[in-house]
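S.K.: Okay, predicted coordinates and the sequence, questions at the end:
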2 protein chains.
Amino acid sequence: MAARTAPRAPGTEDTRTRLLATALRLFSEHGVEGTSLQMIADELGVTKAAVYYHFRAKDEITEAVAEPLLDTLARITEEAAAHRRRGAQIEHLLNGFVDLVVGHRVLVAVFSSDPGVARAVEKTLHHAGNFKERMLAVLTGPDPDVATLVTANVTLAGIALAGGSPELAGVDDDALREHLLITARRMLGRPRPRH
Amino acid sequence: MAARTAPRAPGTEDTRTRLLATALRLFSEHGVEGTSLQMIADELGVTKAAVYYHFRAKDEITEAVAEPLLDTLARITEEAAAHRRRGAQIEHLLNGFVDLVVGHRVLVAVFSSDPGVARAVEKTLHHAGNFKERMLAVLTGPDPDVATLVTANVTLAGIALAGGSPELAGVDDDALREHLLITARRMLGRPRPRH
């Protein structure tokens, strides 16, 4: 483990993890802006002061929940753009994004749609503002026409939001991954890749 | 005009309309749960008491904003289900839903994704709870397999969320309508209808 810059009391790392898991659950039920620090504290059975020990404000919690997801999206997009062929770029982005959605179904749906998230994250993470634009650019290529732009938007939005939809909660990860990819390729007019 | 059950002060109908328009704008910026009655009053330049004159609680405002939209969705779904052929059912639903999304871009996106809306509306409108299920049922037909269920979910979610996306704000209504329909038909494997 890397050395920490500040000492922490025993058990606080565990509390931090539980706090973020609780925040995520409340975000998905009430939206980010509908979730208060007090609600998070109540759910955890701790005082608001205990929450403040870990995070100074709710935006910091939102950021901590969003950060791994945004980092992964940034990495996937960068890797995708590094491929030479358009087909390989699109396949890389679709596979990475679908994996993320399947692995974090509710999280991605909440963070794709809640207007509170974009603002909270915008303040603190400079790279977050245009990550969707960069994902779209990989899907569309340069100077897209309206048809291409609409299709790319529907594809990303549909995958992100459908992944967390209650009607698909009973579908197992492998089946959801497979069918999201098939749907996305059909939407974008891409052939199934040869292996 | 129909007779009213209670007398209203002059100009109140106009205030109600402005109030709902302001609420919608704040909802799309802050989410439903991130918007308070106080914020709505401040934006309108009126007192909170003036807001309470029209609505007893924020949920009533959410419902008043959502109601025409839900009524339209219920009507479209019912009309679609009344067609005899599956192809005609799907075409009716897609055309109606795309028209709604194009006509109320931000509204549909907010109401498709904000967790606060479903709960506010659920309390008061009995038909709202399963309108998405009924729309999906029209798209999938009875006893759908997983592939069909995933595709229908991605289609509805993608259309609803993409319609309000900032990247498509500059696309005019006719072009957005046309390309959303083309994308949806391709996703569902439907042919372009003959006229």
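M.R.: Cool, the structure landed.
S.K.: Can you tell me which helix or strand of chain A has the lowest average pLDDT?
M.R.: None of the helices or strands of chain A scores lower by mean pLDDT, DSSP states H and E than helix A:115-124, at a mean of 58.
S.K.: so, in contact with chain B or not, the lengthiest helix in chain A?
M.R.: Longest helix of chain A, by residue count under DSSP state H: helix A:58-82. No - using C-beta under 8 Å from any C-beta of the partner chain, helix A:58-82 stays clear of chain B, coming no nearer than 10.8 Å. Any C-beta I mention is one placed from the backbone N, CA and C, and that applies to glycine too.
S.K.: List the buried residues in that helix.
M.R.: Neighbour-count burial for helix A:58-82, counted by 16 or more other C-beta atoms under 10 Å in any protein chain shown, picks out A:58-59, A:61-66, A:69-70, A:72-74, A:76-77, A:80.
S.K.: Kindly indicate which of the residues you listed lies nearest chain B.
M.R.: residue A:58 (10.8 Å; C-beta to the nearest C-beta).
S.K.: counting contacts, what elements does the helix or strand immediately after the least confident helix or strand of chain A in the chain pack onto?
M.R.: Using DSSP states H and E, the helix or strand that follows helix A:115-124 towards the C-terminus is helix A:131-140. Counting contacts by 3 or more C-beta pairs under 8 Å, 6 or more residues apart in numbering or on different chains; DSSP states H and E, helix A:131-140 is packed against helix A:58-82, helix A:86-103, helix A:146-163.
S.K.: Counting neighbours, what do you get for the nearest residue to residue A:181 once chain neighbours are set aside?
M.R.: Once flanking residues are discounted, residue A:181 sits nearest to residue A:98: 5.5 Å by C-beta to C-beta, 6 or more residues apart in numbering or on different chains. Number of residues near residue A:98 (other C-beta atoms under 10 Å in any protein chain shown) recorded here: 21.
S.K.: any idea how far residue A:98 is from residue B:130?
M.R.: 28 Å (C-beta to C-beta, to the nearest Å).
S.K.: distance of the residue nearest to residue A:181 from chain B?
M.R.: Noted for residue A:98: a distance of 11 Å to chain B, by C-beta to the nearest C-beta, to the nearest Å.
S.K.: Repeat that for residue A:90.
M.R.: In this view, residue A:90 and chain B are 16 Å apart by C-beta to the nearest C-beta.
S.K.: Who are the contact partners of that residue?
M.R.: Taking C-beta atoms under 8 Å, 6 or more residues apart in numbering or on different chains as the criterion, residue A:90 is in contact with A:80, A:138, A:139, A:188, A:190.
S.K.: Wait, the fourth one touches residue A:155, no?
M.R.: Right, the one you point to is residue A:188. Yes - using C-beta atoms under 8 Å, residue A:188 is in contact with residue A:155, at 6.0 Å.
S.K.: Between these two, which contacts overlap?
M.R.: With C-beta under 8 Å, 6+ apart as the test, residue A:188 and residue A:155 both reach residue A:139.
S.K.: These two - which one has more neighbours?
M.R.: Between residue A:188 and residue A:155, residue A:155 has the larger neighbour count (other C-beta under 10 Å), namely 28 against 19.
S.K.: ok, that one - contacts?
M.R.: For residue A:155, the contact set (C-beta under 8 Å, 6+ apart) comprises A:139, A:184, A:187, A:188, B:158.
S.K.: Show me chain A divided up by domain.
M.R.: Chain A breaks down by automatic domain parsing into domains covering A:12-56, A:60-188.
S.K.: any idea which of those is most buried?
M.R.: Stretch with highest mean neighbour count among the domains of chain A: domain A:60-188 (a mean of 19; mean count of other C-beta atoms under 10 Å in any protein chain shown).
S.K.: How far does that domain sit from its chain's centre?
M.R.: 7 Å (C-alpha atoms, centre = their mean, to the nearest Å).
S.K.: Can you give me the first-to-last residue distance of it?
M.R.: 36 Å (C-alpha to C-alpha, to the nearest Å).
S.K.: Pass me the low-pLDDT residue ranges in chain A, would you?
M.R.: Low-confidence segments of chain A, defined by pLDDT under 70: A:1-13, A:112-129, A:195.
S.K.: can we see that at 90?
M.R.: A:1-17, A:21, A:24-36, A:56-60, A:62-74, A:103-134, A:157, A:160-167, A:169, A:189-195 (pLDDT under 90).
S.K.: Can you name the residues that contact residue A:107?
M.R.: Contacts of residue A:107 by C-beta under 8 Å, 6+ apart are A:24, A:28, A:65, A:69, A:164.
S.K.: Identify the residues contacting the residue nearest to the first one when sequence neighbours are not counted.
M.R.: Using C-beta to C-beta, 6+ apart and skipping residues adjacent in sequence, the residue nearest residue A:24 is residue A:65, 5.5 Å away. With contacts defined as C-beta under 8 Å, 6+ apart, residue A:65 is in contact with A:20, A:23, A:24, A:27, A:107, A:111.
S.K.: And residue A:65, how far from residue A:55?
M.R.: Separation of residue A:65 from residue A:55 (C-beta to C-beta) stands at 10 Å.
S.K.: And residue A:185, by the same measure?
M.R.: Counting by C-beta to C-beta - residue A:185 and residue A:55 are separated by 40 Å.
S.K.: Look up the closest residue to residue A:173, ignoring the ones flanking it.
M.R.: Nearest non-adjacent residue to residue A:173 (C-beta to C-beta, 6+ apart): residue A:102, at 5.1 Å.
S.K.: pretty sure the one you found is touching residue A:171, no?
M.R.: No - contact status for residue A:102 versus residue A:171: not in contact, 9.5 Å apart, counting by C-beta under 8 Å.
S.K.: on that earlier part again, check the contacts of residue A:65 against residue B:51 and report the nearest one.
M.R.: residue A:27 (27.3 Å; C-beta to C-beta).
S.K.: in terms of contact, does that closest one touch residue A:110 like I think?
M.R.: Yes - here residue A:27 lies in contact with residue A:110, judged by C-beta under 8 Å, at a distance of 5.3 Å.
S.K.: Can you classify residue A:191 as helix, strand or coil?
M.R.: Put simply, residue A:191 is coil when judged by DSSP: H, G, I helix; E, B strand; the rest coil.
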